[in-house]
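> Next come a sequence and a model predicted from it.
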Amino acid sequence: MSIISGICQGQIVRALELKNNEDLDDIFNLSFSILKDMKSSKQVLQYSNKIFEFKKDLNLIFEIVSLLLEDLLFFKADKISYMRFKDNIKDFEGILQDYTIKAICEIRKLIDRANKELSFNGNPTLIVENLLMNILEVKYICK
């Protein structure tokens with residue numbers, strides 16, 4: 001339930017929609033894994049395939065990754081009370097050094113662009129793989 005409340009922030013209709021999504025825990029774990037465990041371009045295809053197991057929830061995956069990045073910003077700023085997913089603080093400690101503030105901001109822009117491309121009926125496979133490669137690139141450049 002804390003995942004739902006972290007995503008919805010009081011939007012009852014959205015919470016009810018998410019409550020009916022049987023895959024929400026798996027989607028959340030995959031979203032966190034993208035940030036935590038994806039370390040090389042060799043893994044992009046593997047993560048792309050995992051993402052497409054939840055093809056109807058691509059926007060939700062992008063949203064959760066973006067919200068996790070927002071939480072990472074709060075964690076870096078020592079503003080834990082603002083975090084949406086406080087239950088995952090130990091996981092945030094594990095990825096803190098992998099993301100600079102600049103990297104977090106740039107990756108959130110990439111996610112916004114990917115969402116926009118999806119809304120314009122772009123090729124989902126290309127959009128997802130491009131986003132994953134760009135996340136790795138930004139992480140590397142901003143270290």
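Thanks, I have it.
> Give me the buried positions along the helix or strand of the chain with the lowest mean pLDDT.
Lowest mean confidence among the helices and strands of the chain (mean pLDDT, DSSP states H and E): helix 89-95, at a mean of 87. Under the neighbour-count criterion of 16 or more other CB atoms under 10 Å, helix 89-95 has Asp91, Phe92 buried. For glycine as for every other residue, the C-beta is placed from the backbone atoms N, C-alpha and C.
> ditto for stretch 64-82
Quick answer for stretch 64-82 (16+ other CB under 10 Å): Ile64, Val65, Ser66, Leu67, Leu68, Leu69, Glu70, Asp71, Leu72, Leu73, Phe74, Phe75.
> Quick check: which helices or strands does whichever strand or helix holds the second one pack against?
Element membership of Val65 [criterion: DSSP states H and E] is helix 58-76. Here helix 58-76 is seen to pack against helix 2-8, helix 24-37, helix 89-95, helix 101-119, helix 124-141 when contacts are counted using 3 or more CB pairs under 8 Å, 6 or more residues apart in numbering; DSSP states H and E.
> what does it contact?
With contacts defined as CB atoms under 8 Å, 6 or more residues apart in numbering, helix 58-76 is touched by 6-7, 21, 27-28, 30-32, 34-35, 51, 54, 80, 82-85, 88-89, 92-93, 95-96, 99, 101, 104, 107-108, 111-112, 114-115, 118, 124, 128, 131.
> shaky segments in the chain?
1 (pLDDT under 70).
> quick one: the residue most central in space within it and Gln97, what's the gap?
The chain has Val65 as the residue nearest its centroid, 1.0 Å off, counting by CA atoms, centre = their mean. Distance, Val65 to Gln97, by CB to CB, to the nearest Å: 18 Å.
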